[in-house]
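Chemist: Structure of the sequence below:
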Amino acid sequence: NDPGTLQRMAELSRMLRHKVGKLSDADDLDSRIREALARSSDTSTTPGPLQTDVQAMVKASQFDDAERLQARVIELAAAALGDMHPLTLAWRAARADVLIGLDRRDEAEVALKDVVVRQVKALGDEHADTQVTRMTLARLHRHKEDYESAGRMLAKVVDVRRRILGVDHADAISATVELADVLALQDKLDQALALHQYVLKSRRLSLGDEHAMTQLSMSTVARLLHDTGAHDEALAMQQRIVDASTRAHGEDDPATLASMHMLGIEQHAHRQFAAAEATLARTLELRRSTRGARDRGPLATLAARALTLKAQGKFDAAVPHYRKLVEGRTQVLGDTHTDTLAATEALAVALHETAEDAEAEQLLQRVVDVRRNLLGDHHRLTLSTMSTHAMVLEAQDKLNEAEPIRQLVQSLCRAHLGDNRLWRQCEKQQ
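Modeler: Take a look at the predicted model:
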C-alpha cells in the first residue's frame, strides 16, 4: 500500500501495455493496484503515469496542457508523498522544462533554484538528483549567456561526479563535456581543449574510435586545435575522423560527409588548395546525390569549394559554383538573407576577376541597396559592399560614380573611428 510502490506499479503497467505489448501482464498488475487501493483510503497514487503524459506533451510542444497537468502531478505527489520526497522534487524540477517551452525562463530559473535548495536539505548536496537539477539550471544560465554562473555550477557537478562515480563514468563525462563547452564560450580555449581531450581519451578506450560519441569528441577536439593555432594537429585529427567514419558508416553517410567537409576546410586553412578542392568536390558530389542540391549540406560544401577555387585564382571555375550557391540560398533562405547576400557579393567579386564588371556592378548595387535598407549606412557589411562596388566602378573607368561612394565610406569610417577595431580596418581598406 506504499504510495511509492503503487506509483511504480502503475508506471510498470503502462510500460507493459504500451511499450512492450504484454497486455495480460499489465491487466494482472492493474488488478493488484486496484486491490491495494481498495484496502487504502489514499487514492492519490497516479502522479507517475501522469508525468509520462506531461513528458509526451512537452515532446509534442503542447506546453499549455503540459503546464496544467504538471501542476496536478506536483499536487498529487505532494499529497501522497510529501513536499520533500525525491519524486515530488524531481517533478518540481521537471516543471522547468515546461516553463522553458513557454519561454518563461525567469520563472524556470526561480523554480530550479528552489528545487536545488530543497534537494540539498532533503537529499544532500552531493545526491544524484541534486546534480541533475544543477545541470539543468546550468543549461538555463548558458542559454541566458551567463557563462560565469553556468561554469561554476558545472564545475561543482563535475567535481562531485568524478569523486563519487569516477572520472570515466558516463555521467561524469557528460558533465565534463558541458563544462568544456561553456569554457570555450568564455574564450578559455586551452582549458576547454584539455577537458575535451580527456573526454576523447576516455571515449576511445571505452567505446572505440568508430563510435558516434568518440567521433563527436574528435570533431570537437579538432575544432579547438584549429582555434588554438595547432593547425597541423587539427588537420591530422580531421583526417582520422574521416577515416574512422568511413570505416564505420561508409563514405555516403551524413556523418562521414560532414567530416569530409570539415577536412576540406582544414586543408584550405593549411593552403593545401588542391587537396581541399578534391575533398570538397567529392563531398559535394556525394551530398547532392544523397540529400539534394538545395539542401543546406550541399550548399555549405559548394560555398567551401568555390572559396578554395577562388583562393587558387581559378575564378572562371569559381563563378558557376557561386551562381549555384546564390540560386540555392535564394530558394532555401530567401533573396534578402545575409548568407544569400554574402554569396551574391562573392559571385560579383569572382565576376570582377574574370573582367565581367557590368554584371558584377549590377549584383553589388542590389546587395548595397538591400543592406542599406536592412542594416543602415553605418553597418560594416554595408560599408564593405559599398567599397567593393566602388572598386568595380573604378575598374570600368566610372570614376565620377565611384568617387562619391569612396568619400561616403571614408566619412562614415572616420565617424566611428575608435568605437570598434572593425571601423579602423574599414578605413584602412579605403
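Chemist: Quick check: residue 83 vs residue 243, distance?
Modeler: Going from residue 83 to residue 243 by C-beta to C-beta, to the nearest Å gives 55 Å. C-beta: built from backbone N, CA, C; applies to glycine.
Chemist: what does residue 135 give?
Modeler: Counting by C-beta to C-beta, the gap from residue 135 to residue 243 is 34 Å.
Chemist: more neighbours, these two?
Modeler: More neighbours surround residue 135 than the other of residue 135 and residue 243, with 19 against 15 (other C-beta atoms under 10 Å).
Chemist: Let me see the mean pLDDT of the helix or strand hosting the more buried one.
Modeler: Here residue 135, judged by DSSP states H and E, is contained in helix 128-143. On average, the pLDDT along helix 128-143 is 94.
Chemist: do the same with stretch 252-263
Modeler: Stretch 252-263 comes out at a mean pLDDT of 89.
Chemist: How far away from the center of its chain is it?
Modeler: Distance of stretch 252-263 from its chain centroid, counting by C-alpha atoms, centre = their mean, to the nearest Å, is 17 Å.
Chemist: For that stretch, buried residues please.
Modeler: Residues of stretch 252-263 classed as buried: 255-263 (neighbour count, 16 or more other C-beta atoms under 10 Å).
Chemist: Next: stretch 167-186.
Modeler: 168, 171-184.
Chemist: do the same with stretch 342-359
Modeler: Buried positions in stretch 342-359, judged by neighbour count with 16+ other C-beta under 10 Å: 342-353, 357.
Chemist: Likewise for stretch 372-380?
Modeler: Quick answer for stretch 372-380 (16+ other C-beta under 10 Å): 372, 375, 380.
Chemist: next one: stretch 397-408
Modeler: 402, 405-406.
Chemist: what distance separates it from the centre of its chain?
Modeler: Computed by C-alpha atoms, centre = their mean, the chain-centroid distance of stretch 397-408 equals 43 Å.
Chemist: just use 30 as the starting number from now, easier for me
Modeler: With 30 as the first residue, the last one maps to stretch 426-437.
Chemist: Could you export it as PDB, CA atoms only?
Modeler: Extracted in PDB, the C-alpha atoms of stretch 426-437 (Å, rounded to 0.1, in the frame of the first residue of the first chain):
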ATOM      1  CA  ASP A 426      36.600  53.900 -65.500                       C
ATOM      2  CA  LYS A 427      33.300  55.100 -64.000                       C
ATOM      3  CA  LEU A 428      35.300  57.400 -61.700                       C
ATOM      4  CA  ASN A 429      32.500  60.000 -61.300                       C
ATOM      5  CA  GLU A 430      30.200  57.300 -59.900                       C
ATOM      6  CA  ALA A 431      32.900  55.700 -57.800                       C
ATOM      7  CA  GLU A 432      34.400  58.800 -56.100                       C
ATOM      8  CA  PRO A 433      31.200  59.800 -54.200                       C
ATOM      9  CA  ILE A 434      30.900  56.300 -52.800                       C
ATOM     10  CA  ARG A 435      34.500  56.300 -51.700                       C
ATOM     11  CA  GLN A 436      34.100  59.600 -49.900                       C
ATOM     12  CA  LEU A 437      30.900  58.500 -48.200                       C
END
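Chemist: Contacts for that stretch next, please.
Modeler: 406, 415-416, 418-420, 422-423, 459 (C-beta atoms under 8 Å, 6 or more residues apart in numbering).
Chemist: what about residue 235, how many residues close to it?
Modeler: By other C-beta under 10 Å, neighbour count at residue 235 equals 13.
Chemist: I figured it hits residue 197, correct?
Modeler: Yes - with contact defined as C-beta atoms under 8 Å, residue 235 and residue 197 form a contacting pair (6.7 Å).
Chemist: ok so, going back, for the helix holding residue 164, packing partners?
Modeler: helix 115-130, helix 134-151, helix 176-194, helix 199-214 (3 or more C-beta pairs under 8 Å, 6 or more residues apart in numbering; DSSP states H and E).
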